[in-house]
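Peer 1: sequence first, predicted model second:
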Amino acid sequence: MNSREKGKRGEREAAKALAETFGCEAQRGVQFRGGEESPDVRHSIDGLHFEVKRCQRMQMEDWMSQAVGDAGDNVPLVLHRKNNKEWMLTVRLTDARDFATTLAAFIAALPQEMDE
């Protein structure tokens, strides 16, 4: 599999993992928006930007720089994994509080399950 196809597959996998983990809507960005300007993953958590990387060789500083450059006013995050490993999420320490606050607000707004 070439790296472009691996990247596309990684973005689809990441979107699925985000949806399962956070209970948000998520899909591959280019797949649904159709342009190079689209984020790797489009999702329903306002205020967060996910840069997705599925690579064997870690280049975290480069990846985070890309996330920061693409995030605008959103919190830049890198969602990454190696082959046969689980997804990892990296956030800059300086953004950790904003990330936690944004995620907590999103989770608090989710519909609560009714007790039977």
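Peer 2: Yep, that arrived.

Peer 1: how about Val91, what does it touch?
Peer 2: Contact partners of Val91, counting by Cβ atoms under 8 Å, 6 or more residues apart in numbering, are Val75, Pro76, Leu77, Val78, Phe99. Every residue, glycine included, has its C-beta placed from N, CA and C.

Peer 1: of the residues you listed, closest to Asn2?
Peer 2: Nearest to Asn2 among these, counting by Cβ to Cβ, is Val78 at 22.0 Å.

Peer 1: phi first, then psi, for the nearest residue to His43 once chain neighbours are set aside.
Peer 2: Spatial nearest neighbour of His43, chain neighbours left out: Ala26 (4.1 Å); criterion: Cβ to Cβ, 6 or more residues apart in numbering. Note on Ala26: its backbone torsions stand at phi -160, psi 140 [degrees, to the nearest 10].

Peer 1: is it true that Ala26 touches Ala19?
Peer 2: Yes. Between Ala26 and Ala19 a contact is recorded at 4.5 Å, counting by Cβ atoms under 8 Å.

Peer 1: what about the two, which has more around it?
Peer 2: Using other Cβ atoms under 10 Å, the more surrounded residue of Ala26 and Ala19 is Ala26, with 23 against 16.

Peer 1: okay, the more buried one: pLDDT?
Peer 2: Listed pLDDT for Ala26 reads 86.

Peer 1: so in that sheet, which strands flank the helix or strand harbouring Leu77, and in what orientation?
Peer 2: Leu77 is part of strand 75-81 when elements are defined by DSSP states H and E. Take DSSP bridges as the rule and strand 75-81 pairs in its sheet with strand 48-54 (parallel), strand 88-91 (antiparallel).

Peer 1: what are the bridge partners for the closest residue to Met88 other than its chain neighbours, then?
Peer 2: Of all residues not flanking Met88 in the chain, His80 sits nearest, at 5.5 Å (Cβ to Cβ, 6+ apart). For His80, the beta-bridge partners are Lys53, Met88 (DSSP bridges).

Peer 1: and His80, what pLDDT?
Peer 2: 95.

Peer 1: check contacts around it.
Peer 2: The contact partners of His80, taken as Cβ under 8 Å, 6+ apart, are Val52, Lys53, Arg54, Cys55, Met58, Met60, Trp63, Trp87, Met88, Thr90.
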